[in-house]
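Novice: With the input below, show me the fold.
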Amino acid sequence: MTQKFRCDCPFTSAIDILGDKWMLVIVKQMLLENKTTFKDFTESDEAIATNILSTKLNLLEELEINTKTHPPNNINSILFVLTELGLALTPLLVELAIWSDKHLREFHPEIQDGDGLKFIRSNKEGFINNIINSYRQKWTAIQ
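Specialist: Here you go, the predicted structure:
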């Protein structure tokens with residue numbers, strides 16, 4: 001499966017990959033919700049169909065946004081882990097959360113308003129660095 005791009009515009013090329021309904025949701029689940037196994041993803045609130053999930057995880061791997069690995073104690077299990085390229089999407093995810101927080105509450109008042117958003121509002125860069133460093137530490141300890 002080779003990704004097709006519509007044109008040579010950097011914005012459009014990013015949208016060709018990340019503009020899909022599921023791609024950033026999967027990255028967000030890995031980064032913020034500690035989803036690592038296929039089963040973890042299928043049990044999430046977003047309820048992605050298994051055939052779509054499989055396709056999207058494979059595309060993310062092909063694009064080197066995630067990689068597959070095995071836990072040290074179970075070589076039969078597959079874990080999906082963000083690469084540095086995947087972690088580089090963290091600021092984009094945070095900006096989307098900020099935009100949603102500011103502009104979608106009127107239309108969707110049930111949007112979460114927890115500690116994560118409070119941290120983002122008070123210290124966006126600190127939040128981004130904290131998330132990335134925590135993710136790296138978690139995977140460095142496992143590998």
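Novice: my read is residue 112 is in a strand, agree?
Specialist: No - read with DSSP: H, G, I helix; E, B strand; the rest coil, residue 112 is coil and lies in no strand.
Novice: sec struct for the residue nearest the centre of the chain, please.
Specialist: Residue closest to the average C-alpha location in the chain (CA atoms, centre = their mean): residue 27, at 1.3 Å. Three-state assignment for residue 27 (three-state DSSP): helix.
Novice: Next up, phi/psi of the closest residue to it other than its chain neighbours, please.
Specialist: Closest residue to residue 27 apart from its sequence neighbours, by CB to CB, 6 or more residues apart in numbering: residue 89 at 5.5 Å. Quick note: C-beta positions are derived from backbone N, CA and C, even for glycine. Phi and psi for residue 89, reported as degrees, to the nearest 10, are phi -80, psi -10.
Novice: Isn't residue 89 up against residue 24?
Specialist: Yes - look at residue 89 against residue 24 with CB atoms under 8 Å: they come within range, at 7.3 Å.
Novice: In terms of neighbours, single out the busier of the two.
Specialist: residue 89 (20 against 17; other CB atoms under 10 Å).
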